[in-house]
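Peer 1: fold the following and give me the result.
(one chain, ligands or ions: 1)
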Amino acid sequence: MGHVIGIDLGTTYSCVAYLEGGRPLVIPNLEGLPTTPSVVSFTDSGERLVGTLAMRQAVTNPANTFFAVKRLIGQKFKSPQIQEALNRLPYKLREAANGDVAVLLGDKSLSPPEISSMVLSYLKSCAESFFGEPVTEAVITVPAHFNDAQRQATKDAATISGLNVQRVINEPTAAGLAYGLDAKTNGLAAVYDLGGGTFDITILEFSDGVFNVLATNGDSYLGGEDFDNRILEWLAASFRAETKIDLGADKLALQRVKEAAEKAKRELSFTAETEINLPFISSDSSSSKHIRKNLSRQTFEAMTADLVERTVPRIEQALADAKLTPDRIDHVILVGGQTRMPLVKERVTAFFGRKPEEKVNPDEIVALGAAIQSGILDGQVRDLVLLLDVTPFALGIETEDDGYEMIIDRNTTIPTRKVKAFTTVEHNQRRVRIHVLQGEGFLASMNKSLAVFELVGIEPAPAGVPQIDVTFEINADGLARVSAKDKETGREQKVEVRPSSGLSPAEVEEMRKRQAGKQQIKLGPNG
Ligand code: AMP
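Peer 2: Next comes the predicted model:
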């Protein structure tokens, strides 16, 4: 078998790694950089750009530049997350025939997995040019809070890009793996992940090479971009005050300010003050206008302290779920580029009463962990054998009168299998409707609908007599399957449930073929 790659498909940046002699290493992208913006853009001439080139189009070509697609993957158009995203995103979304969200490119609509597959195709091609041979196998990471539909959609994206997914693992678990391989220590760890667009906190227990995720929490609308925006707003407001010019109307200028804001933010992680210099950013009838401002770390911290503070209740909740207190945590692992900000490190240190580990690069740690997981699967890594994860959500089914019966609790270790017996409500009821829900609300209507299916052919019997076993299974990838069996009649009838949204296998295959045609990597005779 050829090389197996580990992929961290991030909201803002992605990273790919592999295992060399038992050690994980990052594969540079075609520009020689360790991480690649998760952005896809289509130019007027129909050219497809991925990564840095695509990111540069974000403001000049906003309608056709797709970023943060990870927020859309596996989501219904009508979900609150998408309704909120509608107002934030400069590109257009619409409802697909199956109720999923779709992205508009001209008059065509693209599914989020299809767009994510273009980022994955690019990463795959980086690995192929690095190794000089085709790469088909991958381990891919997802946020710990991703539900079944989001995990399945991520897998679909990989399949469309021509990758076979050996395992889907949670990002914090991957970080724990990358960290743990070096440390070989036992104890409890908190993985604090503040990336470009999302925040996650996970409590892990590791002992003698066994990883167990105890609890997970997060905020999918909190990340590095919010910090950039604070600087951007500050610059735009002071420019408006000085010149009466609103930069919001000038997309090109805004793009420059946005890039300068992010650069300043990064610099302030290492220096006490930085200068933001944007000559000829605008003009009025009298003269050209420039931005030249100094920003101190202190001012920047005052602008963003509330963002850092928003992570704290999430940590508290995760600890409460794990029935732990901060002083019990032995290792604090930082993930995501935004954790380089000194204020973030200080707040995390103050919360846990211990300094976070800094020996693994926070941008790369997840991809490195995915590469280690690939080594565990193919036997290259032998001292870490078992990986236990948890499901981030409770799952159950609807019962009579909008009731809800929880079958799998939140933070249950996976893989897991639970069976619960149900019965009929009416005499001679021949069929039962199984409505699979996610959540912890005590009424069915308070939870999120995942799938509906029917078990038919139940033998006529008085109400309450038939016994129907409903089985919930969650595999190691965190994907759920629900089945029902009529026990009373002895006749086995098992129904597998699929997420009520997502792409059909035929659609995935069609998209894969389309991608394969576009993403041929040409190799010379020697490799
Ligand atoms: P990730 O998605 O984990 O790669 O995180 C990317 C986020 O980290 C982006 O918002 C970056 O602007 C941010 N970031 C990268 N380097 C730094 C740094 N030195 N200081 C502060 N934020 C950074």
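Peer 1: residues contacting the closest residue to residue 81 other than its chain neighbours?
Peer 2: In space, not counting the residues next to it along the chain, residue 81 is nearest to residue 75; the distance is 5.8 Å by C-beta to C-beta, 6 or more residues apart in numbering. Every C-beta, even on glycine, is put in place using the N, C-alpha and C of the backbone. If you count contacts by C-beta atoms under 8 Å, 6 or more residues apart in numbering, residue 75 has them with 81-82, 100-101, 112, 149-150.
Peer 1: narrow the residues you listed to those that are buried.
Peer 2: Buried positions within the contacts of residue 75, assessed by neighbour count (16 or more other C-beta atoms under 10 Å), are 82, 100-101, 112, 149-150.
Peer 1: quick one: the helices in the chain?
Peer 2: When secondary structure is read from DSSP state H, the chain shows helices at 52-55, 80-88, 112-131, 148-160, 171-183, 224-243, 251-267, 297-309, 312-321, 342-352, 365-378, 505-518.
Peer 1: got a list of contacts for the fifth one?
Peer 2: Identification of contacts with helix 171-183 by C-beta under 8 Å, 6+ apart yields 6, 8, 24, 141-144, 189, 191, 193, 200, 202, 204, 206, 209, 211, 213, 216, 331, 333, 335, 357, 359-360, 365-370, 372-373, 376, 381, 384, 387, 389.
Peer 1: from these, which land in strands?
Peer 2: When the contacts of helix 171-183 are checked against strands using DSSP state E, the ones located there are 6, 8, 24, 141-142, 189, 191, 193, 200, 202, 204, 206, 211, 213, 216, 331, 333, 335, 387, 389.
Peer 1: quick one: least confident helix or strand in the protein?
Peer 2: Taking mean pLDDT, DSSP states H and E as the measure, the chain has strand 386-390 as its least confident helix or strand, at a mean of 61.
Peer 1: doesn't residue 204 make contact with residue 191?
Peer 2: Yes: under the criterion of C-beta atoms under 8 Å, residue 191 makes contact with residue 204 at 6.2 Å.
Peer 1: could you report the neighbour count for residue 278?
Peer 2: Residue 278: 19 surrounding residues under other C-beta atoms under 10 Å.
Peer 1: residues in the chain within reach of the ligand, list them.
Peer 2: By the criterion of C-beta under 6 Å from any ligand atom, the positions of the chain lying close to the ligand are 10, 12-13, 35, 195-196, 224-225, 262, 265-266, 269, 336-338, 340-341, 363.
Peer 1: now which of the residues you listed would you call buried?
Peer 2: Buried positions within those, assessed by neighbour count (16+ other C-beta under 10 Å), are 10, 12-13, 35, 195-196, 224-225, 262, 265-266, 269, 336-338, 340-341, 363.
Peer 1: doesn't residue 465 make contact with residue 429?
Peer 2: No: the pair formed by residue 429 and residue 465 falls short of the contact definition of C-beta under 8 Å, at 9.8 Å.
Peer 1: any low-confidence regions in the chain?
Peer 2: Judged by pLDDT under 70, the chain has its weakly predicted residues at 1, 181-185, 208-210, 382-390, 392, 490-502, 517-527.
Peer 1: who touches the residue in the stretch 401-527 of the chain that the ligand sits nearest to in this structure?
Peer 2: Here the residue of the stretch 401-527 of the chain nearest the ligand is residue 478; by C-beta to the nearest ligand atom that distance is 20.6 Å. Taking C-beta under 8 Å, 6+ apart as the contact definition, residue 478 lies against 142, 146, 148, 151, 168, 170, 389, 391, 414.
Peer 1: go through those and say which is closest to residue 450.
Peer 2: Distance from residue 450 was checked for each of these by C-beta to C-beta. The minimum falls on residue 148, at 6.4 Å.
Peer 1: ok, now how distant is the nearest residue to residue 476 once chain neighbours are set aside from residue 212?
Peer 2: Spatial nearest neighbour of residue 476, excluding adjacent residues (C-beta to C-beta, 6+ apart): residue 415 at 5.0 Å. Applying C-beta to C-beta, to the nearest Å, one obtains 13 Å for the distance of residue 415 from residue 212.
Peer 1: more neighbours: the two, which one.
Peer 2: For residue 415 against residue 212, the residue with the higher neighbour count under other C-beta under 10 Å is residue 212, and the figures read 18 against 14.
Peer 1: partners of residue 4 in the sheet?
Peer 2: Residue 4 forms beta bridges with residue 137, as assigned by DSSP bridges.
Peer 1: any idea how far residue 377 is from it?
Peer 2: 7 Å.
Peer 1: between the two, what contacts are shared?
Peer 2: Residues touching both residue 4 and residue 377 by C-beta under 8 Å, 6+ apart: 139, 166.
Peer 1: with neighbour numbers in mind, choose between the two.
Peer 2: residue 4 (25 against 15).
Peer 1: touching, that one and residue 373? I think so.
Peer 2: No: the pair residue 4 / residue 373 is not scored as a contact, 9.2 Å apart, by C-beta under 8 Å.
Peer 1: so what's in contact with these two at the same time?
Peer 2: Taking C-beta under 8 Å, 6+ apart as the contact criterion, the common neighbours of residue 4 and residue 373 are residue 139.
Peer 1: for the ligand, what is the nearest residue in the stretch 251-400 of the chain?
Peer 2: For the stretch 251-400 of the chain and the ligand, the shortest gap (C-beta to the nearest ligand atom) falls at residue 337, measuring 2.3 Å.
Peer 1: what's near enough to touch the residue of the stretch 151-300 of the chain at minimum distance from the ligand?
Peer 2: Per C-beta to the nearest ligand atom, residue 224 is where the stretch 151-300 of the chain lies closest to the ligand, at 1.9 Å. Counting by C-beta under 8 Å, 6+ apart, residue 224 makes contact with 12, 194-197, 262, 265, 336-338.
Peer 1: distance to residue 177 for these - can I get that in TSV?
Peer 2: As requested, these are arranged in TSV below (distance: C-beta to C-beta, whole Å):
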residue	distance to residue 177
12	22
194	19
195	18
196	22
197	23
262	29
265	29
336	16
337	19
338	21
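Peer 1: and of those residues, the nearest to residue 314?
Peer 2: Checking these against residue 314 with C-beta to C-beta, the nearest one is residue 194 at 10.5 Å.
Peer 1: how about the nearest residue to that closest one, chain neighbours excluded?
Peer 2: Residue nearest to residue 194 in three dimensions, not counting chain neighbours: residue 338, with 4.2 Å by C-beta to C-beta, 6+ apart.
Peer 1: tell me which of the helices of the chain sits nearest to residue 273.
Peer 2: If we rank those by C-beta to C-beta, the stretch that ends up nearest is helix 297-309, at 6.8 Å.
Peer 1: I figured residue 116 was touching residue 71, is that so?
Peer 2: No: counting by C-beta under 8 Å, residue 116 stays clear of residue 71, with 10.9 Å between them.
Peer 1: ok, those two, which is more surrounded?
Peer 2: For residue 116 and residue 71, the more surrounded residue by other C-beta under 10 Å is residue 116, and the numbers stand at 26 against 21.
Peer 1: tell me the contacts of the more buried one?
Peer 2: Contacts of residue 116 were listed using C-beta under 8 Å, 6+ apart, and they are 9, 38, 69-70, 73, 154, 157.
Peer 1: report the closest residue of the stretch 1-150 of the chain relative to the ligand.
Peer 2: For the stretch 1-150 of the chain, the residue closest to the ligand is residue 13, as judged by C-beta to the nearest ligand atom, at 3.6 Å.
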